[in-house]
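Undergrad: prediction below, plus the sequence it came from.
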Amino acid sequence: MVGWVEDPETYPIQPKAHSLEFLREVAHLRPRTNVIGACTRVRHTLAMAIHRFFHERGFVWVNTPIITASDAEGAGELFRVSTLDLANLPRTPDGKVDFSQDFFGKEAFLTVSGQLNVETYCQALSKVYTFGPTFRAENSNTSRHLAEFWMIEPEIAFADLHDDATLAEEFIKFLIDDLLTRRPDDMAFFDQRIEKGLLERLRHVLETPFRRLPYTEGVAILREAQGKGAKFEFPVEWGKDLQSEHERYLTEQHFRQPVVLMNYPKQIKAFYMRLNDSGTDGAPGDTVAAMDVLVPGIGEIIGGSQREERLDVLDRRIDEMGLHKPDYWWYRDLRRYGTVPHAGFGLGFERLILFCTGMQNIRDVIPFPRAPKQAEF
RNA sequence: UCCCCGAUAGCUCAAUGGUAGAGCGAGCGGCUGUUAACCGCUAGGUUCCUGGUUCGAGUCCAGGUCGGGGAGCCA
C-alpha cells in the first residue's frame, strides 16, 4: 500500500456497511468494497466461461461493429455518431441536416445489436457469436436497463428454433456450473449477504430441464389462472405481448422452473423472425419462430428466434412492418446468394450477472454504469 | 416517459411551523490479546436548488434537479 488517506474526514469509504446507492456516487472508489469486488470477479469469470463455452463447441467469436449506419432491428432509440459542428450544421436545399458532409457520408449510430452483422458470418462459418458493448438511447430508468451494456449473441447455421432453445439451455447451465465451481467463495458471500437461497436457486436451475411450451399455451394457462382468481394488472390476450407479471407468473408460480416460451404472434415480433405455418401449435393467428427464456427471479433473460431464410417471405414481412427495404439490401443479399436455415439468440451480460449473483440493480454489476443523466466516471 | 417515495453532519437516519440531534465514522485520551470491542472528551451543518406563504420554514405550497421502487420500452 502506498500513500495515506489525505483527509480521513472526507474519505467516503469507511469500515462499515454502505448502501449500494451511495457507492454508485463514488464509482471510482467502490471497487475497494467487498460487494463490488465480488461482482467484478464474477463478471470476469462469467466472461471467460462464455468464451470457453463457445470455443469448445467450435464457435468463432466475431467482432461486429460498434458504429453502424443502419437502424437494423428498428429496436429502440439510437445514439448518433457525428463529427458535424452542432453550432453550424450543413443543410440540404430543403432545410434538413446534410449528413453527406458528415464523417461517414451518411447518418451513423452506435449499434443496438450485432445480430444482423453476425448473421453474415454465420452464413460462412456456421457457428459464430458476438460478445461486446451495445447501446440504447432509451430513457429507461429502471434497475434492469443500461444505456451501455454488453450482449452475447450466438448464431448457428442449419438450426431451427428447438436447436436454438437447446443451445440456450446448455449455455445457461454451463455458465452456472462453471461459476459455482470456480468462485465458491464469492458465491457463498452472495448467498449469505445478498440473496438468501441463491445457491439453492441456481442449483435448481442447473438440475431442472427447461420447460418448453408454445406462447398460445402460455396464454391459455394465464387465462385459466385468472379464472381461478389470479390477479394481473394487464389483460392477457392472444396477440398481445406478455407483461413482466405474466412471464413471472409462469416461471415462478405455475412451473417453478425456467420456461422457454415459443412461437409468438408475428405482429409483436421483429421482421427477421421466421414465419411459421398457419396454425402452428394451435395458434388462432400467424406466428413466428421466436422464443423467450424466462427464469425465476428475473423474468426474461434470453430472446431469440429462427431467422427467416426465404427471401420472398422476408420481403413481405419488411413491407408489412413498414420498413424501408433498400436499408436492408445487404441483409437481403444473404438470402439472394444461397442461404441455410439458421437461428440465434441474445443475452444481456449484466442481466446474466444479476441472475447469478442475486444483485438487484444492474448499475452495480457493471464497473461504470451508463444511464440517463449518468456518465460521471 | 408514466405512477409512488425520498433528499438534514463523512455515512445511516431522527427532529407537534418556534434554539437542528443520535448512532456509526473521524481526532485526542484512557481501557483492553483485540477480531464490526469498551469508556470519556472534541470537532463536524448554506437541512438539494429557485421562488412563495408566514412574525417565524428542515417542516407548508409551486417549479426544478438528483436518487430509490414499480411500469412501459427492452437485453
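TA: Sure thing, it's come through.
Undergrad: in stretch A:120-127, what's buried?
TA: Using 16 or more other Cβ atoms under 10 Å as the test for burial, stretch A:120-127 gives A:120-123, A:126-127. C-beta coordinates here come from the backbone N, C-alpha and C atoms, glycine included.
Undergrad: give me the beta-bridge partners of the closest residue to A:Asp281 other than its chain neighbours?
TA: In this structure, A:Asp281 finds its nearest non-sequential neighbour in A:Pro214, 3.6 Å apart by Cβ to Cβ, 6 or more residues apart in numbering. The partner list for A:Pro214 in beta bridges (DSSP bridges) reads A:Met262.
Undergrad: contact partners for A:Pro214?
TA: By Cβ atoms under 8 Å, 6 or more residues apart in numbering, the contact list for A:Pro214 reads A:261-263, A:280-283.
Undergrad: show me the shaky parts of the stretch 151-300 of chain A.
TA: Along the stretch 151-300 of chain A, no part satisfies pLDDT under 70.
Undergrad: same thing with the stretch 1-150 of chain A?
TA: Using pLDDT under 70, the flagged stretches of the stretch 1-150 of chain A are A:1-17, A:71-76.
Undergrad: strands along that one, start to end?
TA: Applying DSSP state E, counting those that start in this stretch to the stretch 1-150 of chain A gives strands spanning A:60-61, A:67-68, A:109-110, A:127-135, A:148-157.
Undergrad: closest to RNA strand B out of those strands?
TA: RNA strand B sits nearest to strand A:148-157 of all the strands of the stretch 1-150 of chain A, at 3.9 Å, using Cβ to the nearest atom of the strand.
Undergrad: in the next helix or strand after the closest one, what counts as buried?
TA: Note on strand A:148-157: by DSSP states H and E, the next helix or strand toward the C-terminus is helix A:161-182. By 16+ other Cβ under 10 Å, the buried positions in helix A:161-182 come out as A:161, A:164-165, A:167-169, A:171-176, A:178-180, A:182.
Undergrad: again, but for stretch A:137-145
TA: A:144-145.
Undergrad: that stretch and RNA strand B, are they touching?
TA: Yes - under the criterion of Cβ under 7 Å from any atom of the strand, stretch A:137-145 makes contact with RNA strand B via A:138-145.
Undergrad: before we move on, what about stretch A:241-256?
TA: Yes - for stretch A:241-256 and RNA strand B, the contact criterion (Cβ under 7 Å from any atom of the strand) is met by A:241, A:243-245.
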